[in-house]
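>>> The sequence and its predicted three-dimensional model are supplied below.
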Amino acid sequence: AIYDTASSLPLRSYDYVVVGGGVAGSVLANRLTEDRHVNVLLLEAGPSNKGVYEIMVPFYFWLGIPQRYNWNYTTVPQPFLNNRTVNYPRGHVLGGSSALNGMVYDRGTRDEYDKLANITGDDGWSWNNLLPYFIKMESFGPPTDNHNTTGEYNPLFHGTSGPLGNSLPGYSQHIDQLVLESIGNDVFPFNEDASSGSTIGFGWQVSTIHNGTRTTAATAYLSDQYLERPNLHVLVNAVASRVLPSKSQTIDTVEFHQGLGSDIKIHASREVILSAGTVNSPHILLNSGIGDKDTLASLNIPVLHDLPSVGKNMSDTLVTYISWEVNSSTTLDVLLNNLTAREEAFAEWNATRTGRMSNGVVNLVGFMNMNESNPEVQQIREKYGFPGPGRTSGDFEYDFIDGLGLESPSNGSYFSMLVGVVSPLSRGTISLNHSDPRGPPLFDPAYLSSEYDLLVMRQAMNTAIEFTSLGLWPSYLAAPAFGLGPVIEEYGTGNYTAMDDLVRNGIQDAGHVVGTASMSPYNAKWGVVNPDLTVKGVKGLRVVDASVFPFVPGGGTQIPTYGLAERAADIIKQSS
Ligand SMILES: Cc1cc2nc3c(=O)[nH]c(=O)nc-3n(C[C@H](O)[C@H](O)[C@H](O)COP(=O)(O)OP(=O)(O)OC[C@H]3O[C@@H](n4cnc5c(N)ncnc54)[C@H](O)[C@@H]3O)c2cc1C
């Protein structure tokens with residue numbers, strides 16, 4: 001059941017206390033309570049997701065999800081982005097960031113998981129060993145328009161009876177045809193299914209949408225049938241501040257508060273599991289005295305264990321958007337700019353869960369590697385080698401957007417491309433704010449601090465310009481917008497002044513931040529958790545969330561995090 005106040009909780013001690021009811025925490029709460037002899041308390045800082053229609057309607061990703069469901073982080077000024085700060089949303093609601101993310105279903109690739117297995121020395125994290133979890137958790141459903149999906153995906157790679165509902169796009173857009181006519185050739189090959197272990201090529205995007213409604217970790221793993229379990233208790237509006245040991249190095253207590261109330265302690269007889277996400281899990285570790293000992297001492301935080309990697313190694317995909325005005329009046333901008341059109345689309349969604357509001361962010365996407373015969377690429381390779389996981393993972397990615405997307409609303413009709421660097425080398429930090437360690441942490445992704453990321457972004461932008469000069473695009477695209485004109489004029493000259501400027505002013509959060517509690521081999525001198533996700537140097541504590549990935553797996557991070565938590569649940573069950 002869901003509880004609003006700590007005083008109404010039936011127990012004062014649980015087998016497991018899980019902190020954070022987002023992607024990973026919801027999976028754990030569900031899977032661990034499959035054994036009715038095991039009881040779990042899930043603490044979530046935000047409110048319940050129940051009945052929040054802005055979370056349910058997929059199109060509200062564009063229209064905006066209310067701020068109270070968001071931690072509303074902001075980065076520190078970014079020196080390589082002309083000192084801009086960047087807004088950084090994170091979910092603050094049961095379901096976590098899956099309640100406000102772009103719903104893109106990216107599983108990651110064979111090379112990415114095999115690299116994870118190699119880095120950690122645990123073959124359980126390899127593609128072959130994780131694929132059964134991805135299939136087990138999935139319920140692949142029909143698109144909302146019920147069109148024939150033959151050739152748009154490969155059923156061999158999908159499950160149909162798991163908790164997590166997903167589907168192919170259910171609303172066709174004019175640009176779909178333009179994209180399809182430009183692909184299926186040597187340069188821009190078709191990829192039937194990016195869930196197959198290779199993302200290379202262009203194809204249809206699966207989304208975490210089921211029956212026209214957003215699937216979140218809460219709708220999937222904390223639905224009523226699971227909340228009815230007498231051994232699963234969820235406390236909302238409960239903000240954990242620290243984990244505490246009762247004897248030497250064994251953690252068995254979580255300290256939290258509700259609203260302006262005083263600190264409350266809850267006991268875990270088996271384990272405490274942090275699933276508060278890439279920003280908040282390291283924040284809780286640091287406040288608990290698990291982190292770099294000198295920094296903690298300078299803040300008068302008693303050191304429980306010296307673990308310098310906590311909060312370091314932060315990594316995120318690098319994304320920016322480019323846009324054109326278009327010769328069309330049917331782009332998604334219509335719903336952002338015209339209230340009547342929006343009301344009609346909402347009425348359709350409300351009545352039948354179909355139409356534009358039932359659809360995801362993008363219908364078609366592409367992943368590519370850089371062109372090795374290009375002398376500029378050869379120079380990049382000479383200097384940096386192949387830092388990405390391997391050839392099944394792209395160097396860069398494109399999402400095709402039937403409108404202005406995140407810059408909206410505006411009074412025009414647009415086409416946009418999200419241009420992303422998949423395996424960036426820049427690394428940032430989460431650290432405590434000296435003036436208020438328990439307040440929001442300092443969030444520094446250090447975007448573009450590695451020159452490599454900008455060099456790959458240039459190649460991605462060049463290829464985007466080439467892509468949109470082919471086929472039917474020139475007659476559809478009326479004019480480049482928002483600073484893209486000078487970039488196109490500069491194309492081919494070897495001068496990147498306008499492009500670099502557009503990139504530095506345009507980079508936005510991708511939401512795919514990982515790495516601040518990285519997994520590393522047992523006995524490694526770096527890292528925060530072992531391959532079984534136990535925190536190094538203490539007992540009774542694990543971190544299970546996106547923060548443990550040492551590098552960004554795949555384009556999006558939600559499905560890798562679901563998969564991670566599915567396997568983590570088995571590891572925990574086997575260790576008890
Ligand atoms: C705007 C945005 C768009 C995104 N788009 C996509 C996409 O399209 N595709 C994709 O694959 N990925 C996307 N992602 C990333 C994806 O959603 C995350 O990688 C994923 O949700 C991470 O799961 P998690 O369990 O680590 O953290 P979360 O899902 O963020 O869950 C953490 C939970 O912990 C709670 N919490 C935090 N601190 C505390 C505390 N002190 N006490 C109690 N509870 C706490 C939070 O409120 C939250 O509910 C996006 C993310 C964002 C923010």
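Thanks, I have it.
>>> Now the protein against the ligand: closest residue?
residue 22 (1.7 Å; Cβ to the nearest ligand atom). Just so you know, the C-beta spots here come from the backbone N, C-alpha and C atoms, and that holds for glycine as well.
>>> Around that residue, how many other residues sit close by?
Neighbour count for residue 22, taken as other Cβ atoms under 10 Å: 32.
>>> Now do the contacts for the residue lying closest to it once chain neighbours are set aside.
Spatial nearest neighbour of residue 22, chain neighbours left out: residue 96 (1.9 Å); criterion: Cβ to Cβ, 6 or more residues apart in numbering. Contact partners of residue 96, counting by Cβ atoms under 8 Å, 6 or more residues apart in numbering, are 20-23, 25-26, 90, 216-217, 277.
>>> any idea how far residue 96 is from residue 144?
25 Å (Cβ to Cβ, to the nearest Å).
>>> now do residue 468
Using Cβ to Cβ, one obtains 29 Å as the distance from residue 468 to residue 144.
>>> So between the two, which is more surrounded?
Using other Cβ under 10 Å as the criterion, residue 468 and residue 144 rank with residue 144 on top: 25 against 22.
>>> in the helix or strand containing residue 563, what's buried?
Assigned by DSSP states H and E, residue 563 belongs to helix 558-575. The neighbour-count check on helix 558-575 (16 or more other Cβ atoms under 10 Å) flags 558-569, 571-572 as buried.
>>> List, out of the residues you listed, those positioned next to the ligand.
Among these, the ones lying near the ligand by Cβ under 6 Å from any ligand atom are 558-559, 561.
>>> got the CA coordinates for the longest strand along the chain in CSV?
For the chain, the strand with the greatest residue count under DSSP state E is strand 264-274. The C-alpha trace of strand 264-274 is given here as CSV (Å, rounded to 0.1, in the frame of the first residue of the first chain):
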residue,chain,number,x,y,z
ILE,A,264,12.8,10.0,11.4
LYS,A,265,14.9,6.8,11.5
ILE,A,266,13.8,3.5,10.0
HIS,A,267,15.6,0.2,10.4
ALA,A,268,16.6,-2.4,7.7
SER,A,269,17.4,-5.8,9.0
ARG,A,270,19.0,-7.1,5.8
GLU,A,271,20.0,-4.1,3.6
VAL,A,272,19.6,-0.5,2.7
ILE,A,273,19.4,0.1,-1.1
LEU,A,274,20.0,3.6,-2.6
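>>> Pull the distance from that strand to the chain's centre.
Its chain's C-alpha centre and that of strand 264-274 lie 26 Å apart, by Cα atoms, centre = their mean, to the nearest Å.
>>> who touches that strand?
Against strand 264-274 from outside (Cβ under 8 Å, 6+ apart): 6, 9, 12-20, 25, 28, 41, 43, 243-244, 251-258, 281, 284-285, 517, 540-545, 572, 576.
>>> Buried members of those into PyMOL, please.
Buried subset of these, written as a PyMOL selection, criterion 16+ other Cβ under 10 Å:
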select buried, resi 6+9+14+15+16+17+18+19+20+25+28+41+43+243+251+252+253+254+255+256+257+258+281+284+285+517+540+541+542+543+544+545+572
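>>> partners of the longest strand of the chain in the sheet?
Here strand 264-274 has these sheet partners by DSSP bridges: strand 13-19 (parallel), strand 250-257 (antiparallel), strand 541-543 (parallel).
>>> Relative to residue 139, which of those strands is closest?
strand 13-19 (23.2 Å; Cβ to Cβ).
>>> hmm, who's touching the closest one?
25, 28-29, 32, 38-43, 233, 240, 243, 254, 256, 266-276, 281, 284, 572.
>>> And stretch 430-446, by the same measure?
Residues contacting stretch 430-446 (Cβ under 8 Å, 6+ apart): 71, 73-76, 78, 80, 86, 88, 241, 278-280, 282-283, 286-287, 295, 298-299, 301, 311, 314, 316, 426-429, 513, 516.
>>> Just the buried residues of those residues.
Buried subset of the contacts of stretch 430-446 (neighbour count, 16+ other Cβ under 10 Å): 71, 73, 75-76, 78, 80, 86, 88, 241, 278-280, 282-283, 286-287, 295, 301, 311, 314, 316, 426-429, 513, 516.
>>> mind listing what residue 98 touches?
With Cβ under 8 Å, 6+ apart, residue 98 has these contacts: 22-23, 91, 208, 215-218, 558.
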